[in-house]
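Student: Kindly return the folded structure for what I paste below:
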Amino acid sequence: MKITYILLFLAFIFHNVYAQSAAINGTVKDKNEKPLEYANVYLLEVDMGSGVKQDGSFRIEGIPNGTYTLRASMIGYNSFTKIISLEEDQVIQLEIVLQEKVIEMPQIELIGKRPQKLDRVPGSAAVLNKSHIENTAPISGNEVFRKIAGVHAVEEDNVGLRANIGIRGLDPSRSRSVLVLEDGIPVALAPYGEPEMYYTPSMDRMTGIELVKGSGSILFGPQTFGGVLNYLTADPPALPTTSLNIRGGEGGFLVGQIGYGTSSANTGFNATYLRKQGNNVGLLNYRINDLTSKIKFMLNEKSVIGIKLSVYDETSNSTYVGLSQAMYDEGIYDFTHPSPDDRLDIRRYSGSITHDFFINDNITLRTTAFGYTTTRNWSRQDFDNVFNPDREYVRIVGNPDIEGGALYFRDGTGNRNRSFEVAGIEPRLSVNYELGGIKNELDFGVRYLYERAFEQRVNGNVLSPFSGDLIEDEIRTGRAFSSYLQNAFNITDNFSITPGLRLEYFEYTRDIKRISGKNVEIMNTDTVTELIPGIGFNYRVLNGIVIYGGIHRGYGPPRVKDAISTEGISEELQAEKSWNYELGTRSQLIKGIDIELTGFFMDFSNQIIPVSESAGGTGKPGATLTNGGATRHFGLETSFTLKLHELFRSDYGVIFSNNATFVNAEFSVDRFVKNGNETVNVKGNKVPYAPEILVTSGLLIKTPFNFDLSLSATYIGKQYGDALNRETGTLNGREGPIPSYFIFDARLSYRLPSFENMALSLSVKNLLDERYIVSRRPQGIRVGLPRFITMGIDLEI
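Tutor: A predicted model of the protein is given here:
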C-alpha cells in the first residue's frame, strides 16, 4: 500500500513539473545557411543546454517557467545572445545565425589599429596606415618616414634597401639610435650588440607603420632614447583575397607582389611574395626575393596562436664609395658607379610564434617566442683617394689631373663576412583592474634574448674576390635579460598618469680568433645594467583636445665590437644615456582639422661616437670608441591635417597635410676633435646629420570620376657631415656641409569603373629634377635620385 502511495506521489510531482516546463527548438547556421554542427546552445542561469546536430538543429526541453539568457557559441564565430521568457508548456522556435569572427592576429603593436588609441599613448606617437603608403607609391621607404614629424631619413642607395633614420637630431647612420621592429619583433642584426639596419623590411609589403617617441617606449628595448618604429604587415583576411601589384620604371626598376589569404571558422592564413629588382636605378643593380606568411589558430574562446615565417634574399652591388668633392663639382659622375664589382649578399630567415591567452575579460597573457638568422657578406674593392706611386691600380675613376678629382682602385678586395643568430622569448601580462575607485591598466613583462655574431675578413683580388687570405676572425656573444612594468592610472575619464620602469641587463663576450692575419686567443666578457624610468600623462581638456607630456630615461647599450678592444681590454664604455622631456597637444576642435604640436628636449650625458666604416669612420682593427660626452637636442614638432570634404559637403575628397620640425642639436660641453695637427673644441657646434628644419607637405584629391591626385613636397634644411662643421667640403668628400634641398613628387591613379578592384597609376619622383647631396657617408658624396617615373597596376579580387 505504501508503495502505491509513493508511486502516486511521484506521478503527481512529475505531472506538475512536466506541465510547468517549456522547450526551445531551433537551428544554428552561418550567414550562408550552412549548418554549424558542434555549436553549443545553452541557458546561462541554469545548467541546461544542447549540442547542435549535423543538420543544424537543437532542442532544449524540460525548462522551468521563467526568464533566461540564451547563448549560442562556436569557435571562430561571434556568440549569439538573446533574452527569452518562457511560460507553461510554451515551445519557442529560433533560427540563429552566427557571424564569423575575424580573429585578430596575435602580435605586438605599439599603439593599435584604432585611431582613438593614439590619445591613450603617454607621449608623442604617430600611425600611418596603408592608404598613406599607397598614395606615396614609395621607391624608398624613407619617403613614408618623412611624413612623420621629427624624423630625418637619409638616403644611401636611392631605393631604401638600408634605412638611415634619425629622430630629433640623432645620428641617422644605419638607424642605430632607433629600435626597429616588424610586428613587434626586433629586426636589427643583433638588437644589443650590433643594432645596425643592414637588413631593412620592404615598405612595399607593409600595411602601416607606428612610431612612439615619448615615454611609451619604456615597454620596448633595448634602445629607448631615439624612439620605437614598428612595421605592420598584412594579417589574414576574413574572406578569400588575391592581390597583385606591379610597378615598373626606368633603369629596369620593377616591384612585383602577389599575395593570397583567407580565414575559416577558427583558422586563417596569408602568404605574400615580393620581387624587387633594378638594373641601373641610380647607382644600383639589385635583386630581392621576399616571402612572408602568417597563420593564426583559434584554439578555443580563450586562446589564439599566431605564427609568422619569412625569408629574405638580396644581391646588389651596394658600395661604401662615394664621390670626392671635385668629382661632385664637375657634375658628370653623379651616377657613375665607382666600384661596380662590389657585391652585397644578404639572406635572412625568421620565425615567430605568439600565443594570446584571455584569462578573463580583464587579464590577457601574451607570450612571444622568436628567432632569426642573418647572413651579411660584403665584398668591397680597395681604393685610394690620393694617388700613391708605390701602388699599382687596375682602374681610375674621375679626372686625375684635378686635385682630389679621381678614385684609384687597387687589385684587392676586402670581404666583410658576418652572420648573426638571434633568439628570444617574451611573456607579457596585461591587466585592467580597479583600485580605490581608480581604473588601472597594467603591463608587465620579461624578456630573455640571446644573440651571436660570427665575423671574418677575407682579403682577395678582383678576379676571385670571395676567396683569399683570412685576416680577421671573431665571435661575439650576448645574453640579455629585461623586464618592465607600466601602469596607467586613469584618475578620471579625462586624465591619466602612466609611470613605468624598465630593467636592462646585458652580458657580452668578444672572442677573437685571428687578427692581422695571425692566430690569437683573445677573449673578454663584460656586463652592463641599467634601470630606465619614465612617466607620462594624458589630459583631455575638452572633447577634441588632449594635452600630453612625459619624462623618460633614454638608453642604448654599447656595441660589443666597440666595448672590448682587439687586445681584449674592456674600454669601459658607458651605455648611451639621456633624459628625454616632451610636452604637446593633439586637437580636433572641428571635424576635419587635426593639429598636433610637441616641444621636446633631450639631454645626453654621454653619446658614443661611432668609428665604423658605415658611419664614416676608419673601421680599422684597434680603432676604439670613446665616451663622446654631452649633447643637447631641443625643438618643436608640428603636424596639421585639413580634410576639406569633411568641412564642406563635396563630391571631391581633399586632404591637405603638413608636418614640420625645428631642432637644435649641439655639443653642450667641451669636446676636442683633431683637425690635421690642430685640436679643436667643438662645444656649441651642430651635431652631424641634424638639419635644423624639416618640412613635408602633401595634397590628396579624390575625384568622383575615379581619378586620384597626390602631391608631396619635402624640404630638408642645411646640415653638416662632421663635428667640425666645415663650410667647405674636404677633398675626399667625406666631410663638409650638406646644403638644403627641396623635392617635389606627384602621383596620379585611376580606378577602372567597370572593374573597381583594379587601379592604374603614374608616379613621378623629384619632378623638378633637383640635384642635391643626401649624404657624405660612408666614403664620399651621395647624390639624390634624379627625376624618376614609374607606372603601376594594383588588383585585388
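Student: got the domain boundaries for this structure?
Tutor: 2-98, 241-796 (automatic domain parsing).
Student: partner strands of the biggest strand by length in the chain, parallel or antiparallel?
Tutor: Counting residues, the longest strand in the chain under DSSP state E turns out to be strand 406-435. Here strand 406-435 has these sheet partners by DSSP bridges: strand 363-384 (antiparallel), strand 395-398 (antiparallel), strand 438-460 (antiparallel).
Student: how about those in CSV, adding mean neighbour count?
Tutor: For glycine as for every other residue, the C-beta is placed from the backbone atoms N, C-alpha and C. Formatted as CSV, the strands paired with strand 406-435 follow (neighbours: other CB atoms under 10 Å):
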stretch, mean neighbour count
strand 363-384, 19
strand 395-398, 18
strand 438-460, 18
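Student: residue ranges for the helices of the stretch 501-650 of the chain, please.
Tutor: 560-563, 644-647 (DSSP state H, counting those that start in this stretch).
Student: swap in the stretch 51-200 of the chain?
Tutor: Under DSSP H, counting those that start in this stretch, the stretch 51-200 of the chain gives helices at 130-136, 142-145.
Student: out of those helices, deepest packed?
Tutor: Compared across those, helix 142-145 shows the largest average neighbour count, a mean of 23 (mean count of other CB atoms under 10 Å).
Student: re earlier: redo the strands paired with strand 406-435 as TSV? Include mean pLDDT.
Tutor: Formatted as TSV, the strands paired with strand 406-435 follow (pLDDT from 0 to 100):
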stretch	mean pLDDT
strand 363-384	96
strand 395-398	95
strand 438-460	96
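Student: Please look at residue 138 and residue 144 and confirm they touch.
Tutor: Yes: between residue 138 and residue 144 there is a contact under CB atoms under 8 Å: 5.4 Å.
Student: any common contacting residues for the two?
Tutor: Common neighbours of residue 138 and residue 144 (criterion: CB atoms under 8 Å, 6 or more residues apart in numbering): residue 203.
Student: Now residue 739. Nearest residue, chain neighbours left out?
Tutor: residue 718 (5.9 Å; CB to CB, 6 or more residues apart in numbering).
Student: quick one, phi psi at that neighbour?
Tutor: Here is the backbone geometry of residue 718 (degrees, to the nearest 10): phi -60, psi 140.
Student: Can you say which of the helices of the stretch 501-650 of the chain is nearest to residue 149?
Tutor: The closest of the helices of the stretch 501-650 of the chain to residue 149 is helix 644-647. By CB to CB, the value is 21.4 Å.
Student: Just name whatever secondary elements the closest one is in contact with.
Tutor: Under the contact criterion of 3 or more CB pairs under 8 Å, 6 or more residues apart in numbering; DSSP states H and E, helix 644-647 touches strand 653-667.
Student: what separates the strand it packs on from the chain centre, distance-wise?
Tutor: Per CA atoms, centre = their mean, to the nearest Å, the displacement of strand 653-667 from the mean C-alpha position of its chain is 20 Å.
Student: Show the average pLDDT along that strand.
Tutor: If you average the pLDDT over strand 653-667, you get 95.
Student: now do stretch 403-414
Tutor: Average pLDDT, stretch 403-414: 93.
Student: Name the residues of it that are buried.
Tutor: 404-410, 412-414 (16 or more other CB atoms under 10 Å).
Student: What of stretch 587-598?
Tutor: Buried, per 16+ other CB under 10 Å, within stretch 587-598: 587-588, 593-598.
Student: returning to what we had before: most tightly surrounded among the domains of the chain?
Tutor: Among the domains of the chain, domain 241-796 has the highest mean neighbour count (mean count of other CB under 10 Å), at a mean of 18.
Student: So for it, first residue to last residue, what's the gap.
Tutor: Terminal residues of domain 241-796 are spaced 7 Å apart (CA to CA, to the nearest Å).
Student: what does stretch 669-681 give?
Tutor: End to end - CA to CA - stretch 669-681 spans 9 Å.
Student: Now do the phi/psi pair for residue 139.
Tutor: Torsion angles, degrees, to the nearest 10, at residue 139: phi -80, psi -40.
Student: give the contact list for residue 380.
Tutor: Going by CB under 8 Å, 6+ apart, residue 380 touches 319-321, 339, 342, 413-416.
Student: er, residue 143 I mean
Tutor: 136, 160, 712, 745, 765.
Student: Would you point out the most distant pair within those?
Tutor: Within the contacts of residue 143, two members stand farthest from each other by CB to CB: 160 and 712, at 15.5 Å.
Student: Present the contacts of residue 380 as JSON lines; the columns should include distance to residue 662.
Tutor: Listed next are these as JSON lines, based on distance: CB to CB, whole Å:
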{"residue": "319", "distance to residue 662": "34"}
{"residue": "320", "distance to residue 662": "32"}
{"residue": "321", "distance to residue 662": "34"}
{"residue": "339", "distance to residue 662": "38"}
{"residue": "342", "distance to residue 662": "38"}
{"residue": "413", "distance to residue 662": "44"}
{"residue": "414", "distance to residue 662": "41"}
{"residue": "415", "distance to residue 662": "44"}
{"residue": "416", "distance to residue 662": "38"}
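Student: now the strands for the stretch 651-797 of the chain?
Tutor: Counting by DSSP state E, counting those that start in this stretch, the segments of the stretch 651-797 of the chain that form strands are 653-667, 672-675, 678-681, 693-702, 707-716, 719-720, 737-738, 741-751, 758-765, 773-775, 782-783, 788-796.
Student: low-confidence ranges in the stretch 651-797 of the chain?
Tutor: For the stretch 651-797 of the chain, no stretch has pLDDT under 70.
Student: Equivalent analysis for the chain, please.
Tutor: Scanning the chain for pLDDT under 70 picks out 1-20, 75-76, 101-103, 112-119, 563-574, 606-629.
Student: Need the residue closest to the centroid of it.
Tutor: With distances taken as CA atoms, centre = their mean, the residue of the chain nearest its centroid is residue 230 (2.5 Å).
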